[in-house]
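>>> With the input below, show me the fold.
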Amino acid sequence: MMVNKKIRYFIFVIFNMLYQDGNNDKTEPYGHCLMTILLLEFFTILVGMDLLNLFVGFSISKILISSCGGTHGFGVALLALVVPPNYYFFIKKKHFDHYYNEFRDAEMNTKENRKIGYICLILYVPICVGLMILLSL
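Presented below is the predicted three-dimensional model:
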């Protein structure tokens, strides 16, 4: 399965922000990067469910929350579905390292493109929250 080059670069930007080209001895970048990706996926799933609610005519999220025993149960079930594949793909199969090696010296890896990646990372969650609010009205 080939992931889009721009998405791979965005993951590289997130990873390198924490890895700092191997100069960061204070934190372990793999776990923190995986948690960042999981947070972005979580908001994407929530927005996707709200968009799907518009087309099916009933609230899928309410049905899932009630069937999982509340919001905590839904969160645990969602994490149980999302964390193992991401852990396997990014950490066990070493795709963070593959992306780092692919983009470390690439022509695409410019200061301007990294700044665009940081801006996208900062704006992603507020945009998702805004979309969820707009879709729930």
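
>>> correct me, but residue 12 touches residue 97?
No: with contacts counted by CB atoms under 8 Å, residue 12 stays clear of residue 97, the gap being 10.5 Å. Every C-beta, even on glycine, is put in place using the N, C-alpha and C of the backbone.

>>> Who has more neighbours out of the two?
residue 12 (25 against 14; other CB atoms under 10 Å).

>>> contacts for the worst-scoring helix or strand of the chain on mean pLDDT?
Using mean pLDDT, DSSP states H and E, helix 60-67 stands out as the lowest-scoring helix or strand of the chain, at a mean of 86. For helix 60-67, the surrounding residues in contact (CB atoms under 8 Å, 6 or more residues apart in numbering) are 46, 49, 50, 52, 53, 71, 73, 74, 77.

>>> how about the last one, secondary structure?
Reduced to three states with DSSP: H, G, I helix; E, B strand; the rest coil, the structure at residue 77 is helix.

>>> any idea what sits nearest it, other than its immediate chain neighbours?
residue 68 (4.9 Å; CB to CB, 6 or more residues apart in numbering).

>>> Next, residue 37: secondary structure please.
helix.

>>> before we move on, the earlier item: flag every buried residue along the least confident helix or strand of the chain.
61, 65 (16 or more other CB atoms under 10 Å).

>>> Can you pull out the low-pLDDT segments for the chain?
Confidence mapping of the chain against pLDDT under 70 gives the ranges 1-2.

>>> From residue 64, how far out is the residue in it sticking out farthest from the centre?
The C-alpha centroid of the chain is most remote from residue 57, which lies 27.7 Å away (CA atoms, centre = their mean). Separation of residue 57 from residue 64 (CB to CB, to the nearest Å): 16 Å.

>>> roughly how far out does the helix or strand where residue 48 lies sit from the chain middle?
According to DSSP states H and E, residue 48 maps onto helix 29-56. Its chain's average C-alpha position is 6 Å from that of helix 29-56, according to CA atoms, centre = their mean, to the nearest Å.
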